[in-house]
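In: Build me a model from this:
(chains A and B)
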There are 2 protein chains.
Amino acid sequence: MAILVVGSVAFDSIETPHGKRAKILGGAATHFSLAASYFTDVRVIAVVGEDFGPEHEAVFAKRGIDTRGIERAKGLSFHWTGAYAGTLAEAQTLGTDLNVFERFEPKIPDAYKDSEYLFLANIDPVLQARVRSEMSRVRMVCGDTMNYWIKDHAANLAKVLRELDVLLINDGEARMLSGETNPVRAAEKVLAMGPKSLVVKHGEYGATAFFGERSFAGGKGGTRPFRAPALPLAEVVDPTGAGDSFAGGFYGYLASQPLLTPAVFRKAMFYGGVMGSFAVERFGTERLQGVTREEIEERFHLFREISHLDFTA
Amino acid sequence: MAILVVGSVAFDSIETPHGKRAKILGGAATHFSLAASYFTDVRVIAVVGEDFGPEHEAVFAKRGIDTRGIERAKGLSFHWTGAYAGTLAEAQTLGTDLNVFERFEPKIPDAYKDSEYLFLANIDPVLQARVRSEMSRVRMVCGDTMNYWIKDHAANLAKVLRELDVLLINDGEARMLSGETNPVRAAEKVLAMGPKSLVVKHGEYGATAFFGERSFAGGKGGTRPFRAPALPLAEVVDPTGAGDSFAGGFYGYLASQPLLTPAVFRKAMFYGGVMGSFAVERFGTERLQGVTREEIEERFHLFREISHLDFTA
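Out: Coordinates of the predicted model:
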């Protein structure tokens, strides 16, 4: 089933202990689409500037991603500059040039209207809500957000949260959104805000899914969380986009399955971790452009091996 | 098989968002022994002062722990004062009164000499090495340490590390010991210092075991790590002793098994997490005094449920 993703297609200038790259292709919708494209059809809605050339377009095209919803505007594309040091756990933002992204007005091409899965990447909740309302027949809506919207756009965000099947955020965002430091109580409060399920990402420690009564048809979610590991990696070249790649693997797998069951959700968490682990192995989208389906399955089994009791070495 | 543990038996004065306790029974050897006592016989070597009364002795006795190696000295017992705030991830030490612990000279009772498993809790590496050399016939040696010894007693610690089958430390200690921020490279460096295997504890995110060529008989360890989850808990009353309780569950289970295999090591990691999760539910040793074997098995299955793909809800 096709996923429609709305979010940023951007350029990133990044410095990590492994080197430096200037204006490489990035943005949440980019990382998400590439990761999801290994599982299902993906359609993108974004805005780019005149610096977005055929070589960038080709990155999407090669993965069969539908880019008819990527609008070209006068000016430059969104450009983020950041650096990582130490454990590479957190980026230091050195510059955020919104450029054409500042006036982003998502337009949904007619050819996208039959998309059954919607992913609202981290953009203004007003725009997330608008896209959601225009895609009234979707089967499932999954979304992301960030501290900025949680802190200063709470009322707008609240409307989006009520529409979500799954909210994907990180530990800090869960604490900020709920006002709770305890992760279980934070999850309960967030679920009470609307999302049927919540996935909290822990960076190098994996992710935890929290379920509510409405997580699965027939109310069979129960209240027990599910913890997916992250792969301990000897070399993290560039963490940029790891969370969006997790989301792409997670949602791409969900959209490829006929039914949302607890077992499918669990496997989706693992595929999220798998795609996140590939993403950080090279700068930008480099690794996600070239991974193979065989490598994905191999790594999925590796994730199982490093976390399951009954694996026999 | 009996475990001999050498370490601190102490009193803790603790403040957490859930309340305050003054001079309750604590210490690494105490938490470790209680947790391990649900799996195997435990013998303790420690020193206490005149404030250690029959009511404290009874805590060990009720769990069948051999306390003949707990020496009574003139003066007061080791007394730690600490507080937790926020996410309860880290303790703020407000006072460390070593008291009788300052002149601790471990003496091994004859009745302990046939112990097959040795646990060197976090004490001066000079003492750890001495106990190790006096227990030359042990089958397995497992140990802990902390930043203070890593930083200022590196040469002494190096001697202990060469003798260890398993070193149990936390993320910060692994980084400090190795000088590496990347967890995989840190583990490789630590394993090169001597321990056959390494367990790195991540607090609320669980723990990772790293193996070397000598981890298992026949070299069947390989290089793949194993990640055990921690249970997301709605209420962490007091995190004091969680790491020592993890060590007790982990090593207690290992000592109860005839052979150290990868499968046994994995289960031990889960039992470590289980005992750590009980420990934090109440102040001090309260929860570990009263847990039942049935509750332990139930929680073990819960750990499996929250981390395994093939669990059917």
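
In: buried sites along the longest helix along chain A?
Out: Using DSSP state H to define each element, chain A has its longest helix at helix A:262-279. Of the residues in helix A:262-279, A:262, A:264-279 count as buried by neighbour count, 16 or more other Cβ atoms under 10 Å in any protein chain shown. Bear in mind the C-beta positions are built from the backbone N, C-alpha and C, glycine included.

In: Point out the other helices and strands that it packs with.
Out: The elements that helix A:262-279 packs onto, with contact taken as 3 or more Cβ pairs under 8 Å, 6 or more residues apart in numbering or on different chains; DSSP states H and E, are helix A:28-36, strand A:197-201, strand A:207-211, strand A:226-228, helix A:242-256, helix A:286-290, helix A:293-305.

In: Now distance to residue A:150 too, for these, in a markdown table please.
Out: Shown next, in a markdown table, are these (distance: least, Cβ to Cβ, whole Å):
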| stretch | distance to residue A:150 |
| --- | --- |
| helix A:28-36 | 16 |
| strand A:197-201 | 14 |
| strand A:207-211 | 17 |
| strand A:226-228 | 24 |
| helix A:242-256 | 15 |
| helix A:286-290 | 27 |
| helix A:293-305 | 30 |
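
In: Any chance of the ones you listed in TSV with mean neighbour count, mean pLDDT and distance to chain B as columns?
Out: Output for the helices and strands packed on helix A:262-279, formatted as TSV (neighbours: other Cβ atoms under 10 Å in any protein chain shown; pLDDT from 0 to 100; distance: least, Cβ to the nearest Cβ, whole Å):
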stretch	mean neighbour count	mean pLDDT	distance to chain B
helix A:28-36	31	98	19
strand A:197-201	26	98	9
strand A:207-211	25	97	6
strand A:226-228	27	97	4
helix A:242-256	28	98	12
helix A:286-290	19	96	17
helix A:293-305	15	97	6
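
In: Contact partners for residue A:308?
Out: Taking Cβ atoms under 8 Å, 6 or more residues apart in numbering or on different chains, we find residue A:308 in contact with B:307-309.

In: State the number of residues packed around residue A:152.
Out: For residue A:152, the count of nearby residues is 9 (other Cβ atoms under 10 Å in any protein chain shown).

In: Please report how far it lies from chain B.
Out: In this view, residue A:152 and chain B are 23 Å apart by Cβ to the nearest Cβ, to the nearest Å.

In: Residue A:129 too?
Out: 30 Å.

In: Which of the three states applies to that residue?
Out: helix (DSSP: H, G, I helix; E, B strand; the rest coil).

In: So for stretch A:44-57, first residue to last residue, what's the gap.
Out: In stretch A:44-57, first residue to last residue: 12 Å (Cα to Cα, to the nearest Å).

In: I would like the residues contacting that stretch, please.
Out: A:4-9, A:11, A:23, A:25, A:27, A:29, A:33, A:60, A:65-67, A:69-78, A:99-101, A:103-109, A:112, A:131.

In: now with 6 Å?
Out: Outside stretch A:44-57, the residues within contact range by Cβ atoms under 6 Å, 6 or more residues apart in numbering or on different chains are A:5-6, A:9, A:25, A:29, A:33, A:67, A:69-71, A:73, A:75-77, A:99-100, A:104, A:106.

In: From these, which land in helices?
Out: Among the contacts of stretch A:44-57, the ones falling in helices (DSSP H) are A:29, A:33.

In: Now go through the contacts of stretch A:44-57 and say which are in strands.
Out: Taking DSSP state E as the definition of strands, the contacts of stretch A:44-57 contribute A:5-6, A:25, A:67, A:69-71.

In: Just among these, which is most surrounded?
Out: That'd be residue A:5 among the ones in strands among the contacts of stretch A:44-57, by other Cβ under 10 Å, with 30 neighbours.

In: mind listing what the residue lying closest to that residue once chain neighbours are set aside touches?
Out: Among residues not flanking residue A:5 along the chain, residue A:119 sits closest, at 4.3 Å (Cβ to Cβ, 6 or more residues apart in numbering or on different chains). Residue A:119 is in contact with A:3, A:5, A:142, A:251, counting by Cβ under 6 Å, 6+ apart.

In: ok, now which ones touch the closest residue to residue A:242 other than its chain neighbours?
Out: Closest residue in space to residue A:242, ignoring its immediate chain neighbours: residue A:276 at 4.6 Å, by Cβ to Cβ, 6+ apart. Counting by Cβ under 6 Å, 6+ apart, residue A:276 touches A:242, A:245-246.

In: ok, so of these, who is nearest residue A:210?
Out: residue A:246 (15.8 Å; Cβ to Cβ).

In: Verify the stated contact: the closest one with residue A:270.
Out: No. Applying Cβ atoms under 6 Å, one finds residue A:246 not in contact with residue A:270, separated by 10.5 Å.

In: any idea how far the residue nearest to residue A:5 lies from chain B?
Out: From residue A:119 across to chain B, the span is 23 Å (Cβ to the nearest Cβ).

In: Would you confirm that that residue belongs to a helix?
Out: No. Under the criterion used here (three-state DSSP), residue A:119 is strand, not part of a helix.

In: and it, bridged to which residues?
Out: Judged by DSSP bridges, the bridge partners of residue A:119 are residue A:5, residue A:142.

In: any residue of stretch A:230-239 up close to chain B?
Out: Yes. Judged by Cβ under 6 Å from any Cβ of the partner chain, stretch A:230-239 comes into contact with chain B through A:232, A:234.

In: no wait, stretch A:83-98
Out: Yes. Applying Cβ under 6 Å from any Cβ, one finds that stretch A:83-98 is in contact with chain B at A:86-87.

In: got the buried residues for that stretch?
Out: Quick answer for stretch A:83-98 (16+ other Cβ under 10 Å): A:84, A:87-88, A:91, A:97.

In: Please compute how far that stretch lies from its chain's middle.
Out: 18 Å (Cα atoms, centre = their mean, to the nearest Å).

In: so what's the residue nearest to residue A:72 when sequence neighbours are not counted scoring on pLDDT?
Out: Of all residues not flanking residue A:72 in the chain, residue A:48 sits nearest, at 6.1 Å (Cβ to Cβ, 6+ apart). On pLDDT, residue A:48 comes in at 98.

In: which stretches of the stretch 101-250 of chain A have low pLDDT?
Out: A:219-223 (pLDDT under 70).

In: Within range of chain B, give me the residues from it.
Out: With the criterion set to Cβ under 6 Å from any Cβ, the stretch 101-250 of chain A comes near chain B through A:181, A:183-185, A:202, A:205, A:220, A:222, A:225-227, A:229, A:232, A:234.

In: State the pair within those residues that is farthest apart.
Out: Checking these with Cβ to Cβ, the most distant pair is A:220 and A:234, at 39.5 Å.

In: The closest residue to residue A:143 other than its chain neighbours: neighbour count?
Out: Once flanking residues are discounted, residue A:143 sits nearest to residue A:120: 3.8 Å by Cβ to Cβ, 6+ apart. Residue A:120 sits with 26 neighbouring residues when counted by other Cβ under 10 Å.

In: same thing with residue A:285?
Out: 27.

In: Which of the contacts of residue A:276 sits closest to residue B:190?
Out: Once Cβ to Cβ is applied, the member of those that ends up nearest residue B:190 is residue A:242, at 25.3 Å.

In: who's in contact with the closest one?
Out: Applying Cβ under 6 Å, 6+ apart, the residues contacting residue A:242 are A:276, A:279-280.
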